[in-house]
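In: sequence and predicted structure are below.
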Amino acid sequence: MDGISFGTDGWRATLDLFTSDRVRAVAQATADYLDAKGHAGETVAVGYDARETSRGFADDIADVLATNGFDVVLPERDCPTPLVAHAIVERDLAGALVVTASHNPPEYNGVKFIPSDGAPALPAVTEAIEANLREPIEGDQTGEIREVDLVESHAEHCLDLVDTDLSGLTVVYDAMHGSGRGVTDALLERAGADVVRERCSRDPEFGGTPPEPDEANLQGLALAVDEHDADFGVANDGDADRVAVVTPERGVLDGNRFYVLAYDYLLERDAGPAVRTVSTTFLVDRIADAHDCEVVETPVGFKWVASAMGEHDARFGGEESGGYTMRGHVREKDGVLMALLAGAAAAETPLDDRLDAIEAEFGDIHQDKVSVDCPDDRKPVVLDELADRLPDEVAGVAVERVNDADGFKILLADGSWLLVRPSGTEPKLRVYAEADSTDRVADLLDAGRDLVEPLV
């Protein structure tokens, strides 16, 4: 069982470590967990992404679950992770295991467990599974394994939740060769949009580019938006739980701007709290305050966003890395639904005009981040030492207070902030900064590096 460790969003590893034996051990531990929680003999979904090895690992998991007496439903083809989460709630399933490494390069794969509420598993759950890893039981399958369609019910739900007519809009959709192909684009078309498709063929190598929808990987989408005079472009990551949007004037929007755009649009229809992570922009707070709405801040990780959304009946929740969901939907990030929501906002007001209006009313905020190499075993030591060395000022501005919910978020007297936190997926410390200008952000990041690097 060496090499199996559940991080921020499941267990991911390169294929030399991510083997059939280890995957089957995870499936057995999950079966034991579900048995202990009173779900014996119920139905479990097993999803998988477009990677070369994913269906085979999904079959391994299905075999172990069926041998433990669980019925199993598999999608007919690789499909977005949010469709699996939706199926759990819609079909009243015991939970799901999804084989995906999301936006990681093709030499990776991964597996994540989603409990019966359709929200990401909290650490108490994944720790219980990890603590009980063992060899799978042997014997005949007593559970039934069958393939089902998970696309149609999710599409109908999205169209009911975001009731919009996209007729007259031209949208460029980039699947990045992942599982959103034939799903997100089809949903936009059903809503009335004319869709231009980019990278919508299945390619387990993702065309040589990791399926991460960041600015560096979406320049082709930005060019296509210009070439086709499109209203906007949209991309999903490898398993389509994240989204990125491209506008004609701004190009690739960072995740903060999509958050404020979507939340502003939703508040025009129904009020409600916003849930955001410590690394997500304070511009959310300004918009919420104008509508007398609460903002709930959580540690980084969508599991914490999902948990807070349930507690506060939030209107919208997400994080600057591109994962979001909304009231009325399962509490799992959904890049397919968010593409439709972007379309609804664009059908009412061009996205660039909407962002112009937001900036005119609430001001503009700039944000960036850098990484500092730090071995995993040094992270707690560095944070402990940093706690004793927190400065009274950063880049010439006084510190007002420090939030230690996830690392240290240092809030400054001018409204800017600096955040230092450990990465949950890499041997690095993340340093984030937000301010009213790019120059000020650069100064804060330099100060953050100077604060952290001597401690590593």
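Out: It's in.

In: quick one, phi psi at the most centrally placed residue in the chain?
Out: In the chain, the C-alpha nearest the mean C-alpha coordinate belongs to G323, at 3.4 Å (Cα atoms, centre = their mean). Phi and psi for G323, reported as degrees, to the nearest 10, are phi -110, psi 130.

In: would you agree it is in contact with R331?
Out: No. With contacts counted by Cβ atoms under 8 Å, G323 stays clear of R331, the gap being 11.3 Å. All C-beta atoms are positioned from the backbone trio N, CA, C, and that covers glycine.

In: S116 and A85 touch, don't they?
Out: No. Counting by Cβ under 8 Å, S116 does not reach A85; the two are 10.8 Å apart.

In: looking at these two, which one has more neighbours?
Out: A85 (32 against 17; other Cβ atoms under 10 Å).

In: next one: that one from D165, what distance?
Out: For A85, the distance to D165 equals 27 Å [Cβ to Cβ, to the nearest Å].

In: V394 too?
Out: In terms of Cβ to Cβ, V394 sits 48 Å off from D165.

In: neighbour count winner among those two?
Out: Taking neighbours as other Cβ under 10 Å, V394 and D165 compare with V394 leading, 23 against 12.

In: measure A442 to L419 for me?
Out: From A442 to L419 the distance is 15 Å (Cβ to Cβ).

In: quick one: contacts for the nearest residue to Y108 once chain neighbours are set aside?
Out: With Cβ to Cβ, 6 or more residues apart in numbering as the criterion, Y108 has its nearest non-adjacent residue at 4.0 Å, and that residue is A101. Contacts for A101 were tallied using Cβ atoms under 8 Å, 6 or more residues apart in numbering; they are R12, D49, R51, Y108, N109, G110, G238.

In: of the residues you listed - the most surrounded one?
Out: Busiest of the contacts of A101 [other Cβ under 10 Å] is G238, holding 32 neighbours.

In: what separation do you get for it and T100?
Out: Here G238 is placed at a distance of 7 Å from T100 (Cβ to Cβ).

In: and if you look at Y173?
Out: 20 Å.

In: and the helix or strand that contains H154, what does it pack onto?
Out: Using DSSP states H and E, the element containing H154 is helix 151-161. On a contact count with 3 or more Cβ pairs under 8 Å, 6 or more residues apart in numbering; DSSP states H and E, helix 151-161 meets helix 81-90, helix 184-190, helix 335-348.

In: most packed of these?
Out: With neighbours defined as mean count of other Cβ atoms under 10 Å, the helices and strands packed on helix 151-161 peak in mean count at helix 81-90, which reaches a mean of 27.

In: contacts for that one next, please.
Out: If you take Cβ under 8 Å, 6+ apart as the criterion, helix 81-90 is touched by 45, 47, 49, 73, 75, 93, 95-96, 98, 100, 102, 112, 114-119, 148, 150-151, 153-154, 157, 179, 183, 239-241, 329-330, 332-337.

In: send the alpha carbons of stretch 76-84 over as CSV?
Out: Written as CSV, here are the backbone C-alpha positions of stretch 76-84 (Å, rounded to 0.1, in the frame of the first residue of the first chain):
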residue,chain,number,x,y,z
GLU,A,76,-21.0,4.5,-21.5
ARG,A,77,-17.9,6.5,-22.2
ASP,A,78,-15.4,8.7,-20.4
CYS,A,79,-17.4,11.6,-18.9
PRO,A,80,-17.0,14.7,-16.8
THR,A,81,-16.6,14.2,-13.1
PRO,A,82,-19.5,16.5,-12.2
LEU,A,83,-21.9,14.3,-14.2
VAL,A,84,-20.9,11.5,-11.8
